[in-house]
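Visitor: just to be clear, the model below is a prediction. Sequence and coordinates:
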Amino acid sequence: TQLLEQSPQFLSIQEGENLTVYCNSSSVFSSLQWYRQEPGEGPVLLVTVVTGGEVKKLKRLTFQFGDARKDSSLHITAAQPGDTGLYLCAGARTGGFKTIFGAGTRLFVKA
Amino acid sequence: DVKVTQSSRYLVKRTGEKVFLECVQDMDHENMFWYRQDPGLGLRLIYFSYDVKMKEKGDIPEGYSVSREKKERFSLILESASTNQTSMYLCASSGAPPTVAPQHFGDGTRLSIL
């Protein structure tokens, strides 16, 4: 059972388009992280959100943590080919060591 | 800069062999993790360690063991490799607290069991 559901699983868009990736759960998390993984490499952290309703921006990427801390979204404005990769969300629970990863959204941005 | 190094990028072994995957981090992190990554399943935690000689089972520990004799090194052992253990294996480390501190990943070992 996947505790963190990511959607869509695959996304292929043209350069310049906007997109949103979702990460949903029925569980509450103390924090949620977004990673990007490129082929042949390990995931690299993009952002950590810890407060319900929190919004963080990283250049053209906007991350939001749901008010109830059960879900999150990643919005990319004017996507570029360099944004191509696998986007993973990961949730952690208070007092625990384990981080639960979603299955990922594979994004292709065509020039 | 943070560095997590996995000993092999690609590895091919035979069914029944004992396989060792090594991971070294240079950040003096307390926590280290081993995951396997399979298409459509994301990263699944095999084992983690929060201190030297300490280990805890993750979600899929069957068929695996680990060793952490030194703070910087965390080894994953496949006691008797089987074909269903063919996968990408990722090692990660993090500081404290583990629920907030980012995990730093190595580049992965793609293991094929024939």
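Guide: The structure has been received and is ready for your questions.
Visitor: residue 63: how many residues sit nearby?
Guide: No chain in the question, so chain A it is. For residue A:63, the neighbour count with other CB atoms under 10 Å in any protein chain shown is 23. Quick note: C-beta positions are derived from backbone N, CA and C, even for glycine.
Visitor: that was the other one, I meant chain B.
Guide: Other residues within reach of residue B:63, judged by other CB under 10 Å, total 14.
Visitor: quick one, what contacts it?
Guide: Counting by CB atoms under 8 Å, 6 or more residues apart in numbering or on different chains, residue B:63 touches B:78, B:79, B:80, B:82, B:85.
Visitor: got the contact list for the fourth one?
Guide: Right, residue B:82. Counted by CB under 8 Å, 6+ apart, residue B:82 has contacts B:15, B:63, B:113.
Visitor: from chain A, how far off is the last one?
Guide: With the distance defined as CB to the nearest CB, to the nearest Å, residue B:113 ends up 20 Å from chain A.
Visitor: hmm, that residue is touching residue B:85, no?
Guide: Yes - if you go by CB atoms under 8 Å, residue B:113 and residue B:85 touch, sitting 5.4 Å apart.
Visitor: pipe the contacts of residue B:82 into a markdown table and attach secondary structure and pLDDT per row.
Guide: Shown next, in a markdown table, are the contacts of residue B:82 (DSSP: H, G, I helix; E, B strand; the rest coil; pLDDT from 0 to 100):
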| residue | secondary structure | pLDDT |
| --- | --- | --- |
| B:15 | coil | 97 |
| B:63 | coil | 96 |
| B:113 | strand | 97 |
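Visitor: any residues of chain B in contact with chain A? List them.
Guide: Selection of chain B residues close to chain A by CB under 8 Å from any CB of the partner chain yields B:4, B:31, B:35, B:40-45, B:48, B:50, B:56, B:58-59, B:90, B:92, B:98-100, B:102-108.
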